[in-house]
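A.B. asks: my questions are about this predicted structure, shown below with the sequence.
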There are 4 protein chains.
Amino acid sequence: MTTDADKLDSVVAAIAAEMTARSERGTVADYIPELARVDANSFGLVVVGADGHVAAAGDTDVPFSVQSVSKVFTLTLALGLVGDRLWQRVGREPSGSPFNSIVQLERERGIPRNPFINAGAIAVTDVILSGHKPREALGEIVRFMRFLADDSSIVIDDAVAASEQRTGFRNIALANYMKSFGVLENPVNYTLGVYFHHCAIAMTCRQLAMAGRFLAHDGKNPTTGLSVVSPERARRINAVMLTCGHYDGSGEFAYRVGLPGKSGVGGGIMAIAPGKASIAVWSPGLDTQGNPLVGQIALEILTKCMGWSIFAA
Amino acid sequence: MTTDADKLDSVVAAIAAEMTARSERGTVADYIPELARVDANSFGLVVVGADGHVAAAGDTDVPFSVQSVSKVFTLTLALGLVGDRLWQRVGREPSGSPFNSIVQLERERGIPRNPFINAGAIAVTDVILSGHKPREALGEIVRFMRFLADDSSIVIDDAVAASEQRTGFRNIALANYMKSFGVLENPVNYTLGVYFHHCAIAMTCRQLAMAGRFLAHDGKNPTTGLSVVSPERARRINAVMLTCGHYDGSGEFAYRVGLPGKSGVGGGIMAIAPGKASIAVWSPGLDTQGNPLVGQIALEILTKCMGWSIFAA
Amino acid sequence: MTTDADKLDSVVAAIAAEMTARSERGTVADYIPELARVDANSFGLVVVGADGHVAAAGDTDVPFSVQSVSKVFTLTLALGLVGDRLWQRVGREPSGSPFNSIVQLERERGIPRNPFINAGAIAVTDVILSGHKPREALGEIVRFMRFLADDSSIVIDDAVAASEQRTGFRNIALANYMKSFGVLENPVNYTLGVYFHHCAIAMTCRQLAMAGRFLAHDGKNPTTGLSVVSPERARRINAVMLTCGHYDGSGEFAYRVGLPGKSGVGGGIMAIAPGKASIAVWSPGLDTQGNPLVGQIALEILTKCMGWSIFAA
Amino acid sequence: MTTDADKLDSVVAAIAAEMTARSERGTVADYIPELARVDANSFGLVVVGADGHVAAAGDTDVPFSVQSVSKVFTLTLALGLVGDRLWQRVGREPSGSPFNSIVQLERERGIPRNPFINAGAIAVTDVILSGHKPREALGEIVRFMRFLADDSSIVIDDAVAASEQRTGFRNIALANYMKSFGVLENPVNYTLGVYFHHCAIAMTCRQLAMAGRFLAHDGKNPTTGLSVVSPERARRINAVMLTCGHYDGSGEFAYRVGLPGKSGVGGGIMAIAPGKASIAVWSPGLDTQGNPLVGQIALEILTKCMGWSIFAA
């Protein structure tokens, strides 16, 4: 183990200790009833370095609902399928609005602002679904996650998916609204079925950090050398994460953390330190923008201690 | 001269040649009458490396109106004056709206979304003005630019400032609107007077690239070693530039160029490659978002050739 | 027959002749495929006076899809069921937006601005449905229409209802959006089923003019003397029609016609001259606000000739 | 004195007694400092019948600031000057927004929705000003008010005008915003000067009710028989008052009162019962929409007792 790995291990351990002890933890999402059952005190942090070293502390092997973090992977898949034509169906600008806003859609004729707000991610799912049965599209997404994480135990939490399907009225509204503008090609309930299920994929911090490695290393798995996407595409996905990955808190995340990252209401954040590390943190309580409160603080400290901000010399 | 400097010189020269030859050049801003007189075929590119080497090509020594690029420097000054209290007067999130939108102000009770849209920059100017006469505040801003660029010849183009003062009805609207919410503390015409004048500062690409060095090097001038701001503040200003520096084209700039940058309707862009270079490019024609068309393309090629994207490993 | 009746007959005949001959007729709604089949040259006008005299000209006995005109009757029914508590679920202010806008719903937490925009009418339908099966609620609405028109031949056009159910994505979006705020109490597809079907009721101008009599006569059928609603409620329904009955063209209709009225995309308008007459006009082509083009002109001429504007001495 | 006049006298006296005793009175406008000095307990009601009979009770001869009620008279003047061409500069649809909203202006390229929101009234003032000096335009407006009220003692309260000019930042913003779209033709400070001053006209309930007579009687002064505007124009001004006269409370006013009316933040309302009466009521406290709280209740009772709703048979 290198000195760097030693430092990383001790930093990660210290952060986990501090974050676990913290009293103010945000509010666990309750709009999906199944998510509300999670223990608000959970905290996990896993960092996979360029050399393959894994620094881990806390609840690193407890599966949680990845929710919107899955949008990074469906974006990657959709770009693989249709390339830059994807950007005719979804923009890549920050929205200046909450994650589930419908106002922007009316102003811009059903084209979502970016692939990370709910409407945009639904449009991306529609692209992946195209010409397939929901079950097939879903299988492809899960297999992609397992491949990236190198872990075939990753599964969908059907109870969470069913919970969203029963209560996700706002997402149903967004999807039908886009359909009314012709932005979705598949039957709305097919697209939403796949969307709700890929959001309901359950992963551990360890699995998530492993899955993100290709984004930290110009599109390649640094251990196997296998290419997932081109270097240019990896850079661009990181750019979209930086500007849009935390909804209407993206500017704040860039300001404080300084890394591309994507949050989910299940409490997970995947963050990328290009050339250095793939990071996953989990803390179920959310702030007022719907981003994990403790997880963001953990990442701010981590970036500072390790000097990993992409905005630093 | 190092090999790197050689490469940089030839890349910069090649880009300038290609960009100068390009026929599609965007539309020169005409909403400020004085700006409309500029030659649409102008192009300049200057890169100041970490080692102090200057690569320059094209119209590098023709002064142009920096316009909104000045907002990076007024932000720096205001943070120096009041520190993080500044963020009570202006946000730091992308706006999802054009540079001169007033809609967002109504929704958020007069607090501009970020310091780089017009309303936000006016609020920042109001902070700098506080307790001073307009002439004094303006003197401080110009002296700061001269200090950063190490060039005492930098002046304000009074004709441009006067032109804006006669025709800048939308900015007058924004300022009065904020005043109605108590967001501005000084008389509106004082604040606007300073704002219009600092936007009317005329600089060359060379001066602008020199002035940006502290942002590329953790807050320090790499040649003199003199500290302008703390490393943390430099990182944070870069982060705000990345998420908000190109108005409603910020996501696009991050996606294509991958550097923190700030554009102006005078055709200038200042971009920062942390640890590597401070860059200034000038091309008067603008795209539909009001950002310099050719300048953005030049930066995209430069970043790709030099491998400087902050999103790459 | 009185002299007034003579005058009315000749005015109605003259208007019908002029309107039938007119070349510019607007655009037949095609967003509901079934509606697009209607003959754009159709025109009918029926006026039922206080004395029971019926002046009729043109296609007065051709059934057409009443669409949004039905909202006046569902509003009346819902007020009968829950009284002023209805106004906790829907407002009574003009929306300043198109009929199918969703923006206002986001700003006002799912409460529609008034019962005549689509979202508001869906909320009203939800109130009528409450505690019943869709088939029962629908039966009640149809029976009410038959009772008011004194005509048991009125039926729902199932092909139109089915057409809307297949393509009404925007209404599905509106309903789910309200459901996400808890504004709808019944299952969304139940409420929408009833809504799509009551909009698909087919009526002739004659039937529609007969059905509106109670609103022209302080809540009573002037022939039978039977009370439908209280005088105050009749006045208030008229007031809501005046301010909100033509979506974002309501101000224009008040300005030009000067009567409470409700339009539908099927080309029908029901208008009320309090104390004087109940009026129905049908012309399938719509203007840019989605209101019948020729029908509005017919009403403007009618009101002027008869001196019926509510704004005149 | 007729029996009707007797009834009107006693109804007016009873209402004044009840309204004066009422404890909940709304909030006196304080955004114009000078207006905040008014006694919140003031109440006046004057009704001028078709026969010239004047029923009056309460503070009927205390001058108050007419504020936005003046917009009815400037609209009348502007229509006299340019006729229907006025509607190229301002719309006639309800805005669905507060009186001082700027959002709608951005969406509709600087054209205000109607002449009774602030932006619209400023545009109307600009039309009156066209080709004159501010002093001349203002003189014309005041002379018109004196002529209509048949009372040469009506004057502008300069302290109120000065107070608005010092603090009316939002109106300055609206005017400059419209100017940026070319909707205003005169220098902004000229137009605003006239606007602030005509809003600062001080009138008593008696004067205001007298001034409104032409609108109640098809454009004519019923006593002198003198025509002010055509019958059609009188109807149309009434229509715009009904749909837009109480800002975002216009639907509510139509629903409850059922008369065309125009409110002002000085606490005055002018209401028109076509063919029956011109009415002025004054109560300084405002509701949350910025309309006089007690005055609206008084009008609701008056209309009900007298059977004057335009929506009744």
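C.D. replies: Yep, that arrived.
A.B. asks: how about the helices of the stretch 201-313 of chain A, start to end?
C.D. replies: Taking DSSP state H, counting those that start in this stretch as the test, the helices found in the stretch 201-313 of chain A are A:205-211, A:213-216, A:231-244, A:250-256, A:293-306.
A.B. asks: give me the element A:Val48 is part of.
C.D. replies: Using DSSP states H and E, the element containing A:Val48 is strand A:44-49.
A.B. asks: can you give me the buried ones in that strand?
C.D. replies: Neighbour-count burial for strand A:44-49 flags A:Gly44, A:Leu45, A:Val46, A:Val47, A:Val48, A:Gly49 (criterion: 16 or more other CB atoms under 10 Å in any protein chain shown). Heads up, the C-betas are built off the backbone N, CA and C, glycines and all.
A.B. asks: ok, the last one - contacts?
C.D. replies: The reference is to A:Gly49. Counting by CB atoms under 8 Å, 6 or more residues apart in numbering or on different chains, A:Gly49 touches A:Asp4, A:Ala5, A:Leu8, A:Ala55, A:Lys276, A:Ala277.
A.B. asks: what's the answer for the fifth one, then?
C.D. replies: Under the criterion of CB under 8 Å, 6+ apart, the neighbours of A:Val48 are A:Val54, A:Ala209, A:Met210, A:Gly212, A:Arg213, A:Ala277, A:Ser278, A:Ile279.
A.B. asks: cutoff 10 Å now
C.D. replies: Listed by CB atoms under 10 Å, 6 or more residues apart in numbering or on different chains, the contact partners of A:Val48 are A:54-56, A:206, A:208-213, A:216, A:222-223, A:277-280.
A.B. asks: repeat that for the fourth one.
C.D. replies: Taking CB under 10 Å, 6+ apart as the criterion, A:Val47 is in contact with A:8-9, A:11-12, A:15, A:53-57, A:205, A:209, A:271, A:273, A:276-281, A:302, A:306, A:308.
A.B. asks: what is the rounded mean pLDDT of the helix or strand following the strand holding A:Val48?
C.D. replies: Beyond strand A:44-49 on the C-terminal side, the first helix or strand identified by DSSP H and E is strand A:54-58. Average pLDDT, strand A:54-58: 98.
A.B. asks: using PDB, list the CA coordinates for stretch A:48-64.
C.D. replies: Provided in PDB are the C-alpha atoms of stretch A:48-64 (Å, rounded to 0.1, in the frame of the first residue of the first chain):
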ATOM      1  CA  VAL A  48     -11.700   3.700  -5.500                       C
ATOM      2  CA  GLY A  49      -8.300   5.200  -6.500                       C
ATOM      3  CA  ALA A  50      -6.600   5.100  -9.800                       C
ATOM      4  CA  ASP A  51      -4.400   2.300  -8.600                       C
ATOM      5  CA  GLY A  52      -7.400   0.200  -7.700                       C
ATOM      6  CA  HIS A  53      -7.000   0.800  -4.000                       C
ATOM      7  CA  VAL A  54     -10.400   0.900  -2.200                       C
ATOM      8  CA  ALA A  55     -10.800   3.100   0.900                       C
ATOM      9  CA  ALA A  56     -14.100   2.300   2.600                       C
ATOM     10  CA  ALA A  57     -15.700   3.300   5.900                       C
ATOM     11  CA  GLY A  58     -19.200   3.000   7.400                       C
ATOM     12  CA  ASP A  59     -22.200   1.200   5.800                       C
ATOM     13  CA  THR A  60     -20.300   0.400   2.700                       C
ATOM     14  CA  ASP A  61     -22.000  -2.900   1.900                       C
ATOM     15  CA  VAL A  62     -25.600  -2.000   2.700                       C
ATOM     16  CA  PRO A  63     -27.700  -1.800  -0.600                       C
ATOM     17  CA  PHE A  64     -29.700   1.400  -1.000                       C
END
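A.B. asks: brilliant, that's me finished.
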